[in-house]
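1. here is my input, please return the structure:
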Amino acid sequence: MKYVIQALQHISENSEFGDGVSSAQSLLSLINVEFVYILIMWDSILNQFYRVNITLQKLNISIYNASKIMMGLKNTLEEMRNEGSENIKLLTNNVCNEVEISTIFKSKSPKKPKHTQH
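-> Model prediction:
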């Protein structure tokens with residue numbers, strides 16, 4: 001993440017990149033704490049699937065071991081869901097501090113109650 005942001009900053013500050021300057025500036029404006037949070041969350045989830053996928057592709061894996069691995073994946077995902085987002089928030093803050101992005105989440109606007117027709 002740090003290197004992506006540094007590269008975008010370099011491009012956005014050098015007119016020699018022509019149209020790339022405005023594209024880099026646009027991309028930089030989209031990278032905020034919420035983006036980093038979602039990126040880290042999905043990285044954690046997809047990494048679990050990736051490891052299981054690699055293991056399940058082995059030719060000599062038994063049905064028993066494959067089912068154990070799938071149950072392990074299910075349990076890991078349930079743990080991630082039940083533990084909440086504190087670990088992800090901590091990682092997000094670390095990344096944001098490293099690349100000098102504000103760590104303040106935008107508050108969500110309250111939802112308006114739905115009106116029902118009688």
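2. which residues touch the residue nearest in space to the middle of the chain?
-> Geometric centre of the chain, nearest residue: Leu39, 1.4 Å, by Cα atoms, centre = their mean. Applying Cβ atoms under 8 Å, 6 or more residues apart in numbering to Leu39 gives the contacts Met1. Just so you know, the C-beta spots here come from the backbone N, C-alpha and C atoms, and that holds for glycine as well.
3. how about low-confidence regions in this structure?
-> Low-confidence segments of the chain, defined by pLDDT under 70: 107-118.
4. burial count for Leu27?
-> 14 (other Cβ atoms under 10 Å).
5. skipping adjacent residues, who's closest to it in space?
-> Once flanking residues are discounted, Leu27 sits nearest to Leu8: 5.5 Å by Cβ to Cβ, 6 or more residues apart in numbering.
6. for the one you found, what are its contacts?
-> Ala24, Leu27, Leu28, Ile31 are the contacts of Leu8 under Cβ under 8 Å, 6+ apart.
7. most neighbours among the residues you listed, please name it.
-> Ranked by neighbours (other Cβ under 10 Å), the contacts of Leu8 are led by Ala24, which has 19 neighbours.
8. quickly find the element holding that one.
-> helix 19-30 (DSSP states H and E).
9. try Leu46
-> Per DSSP H and E, Leu46 falls inside helix 33-56.
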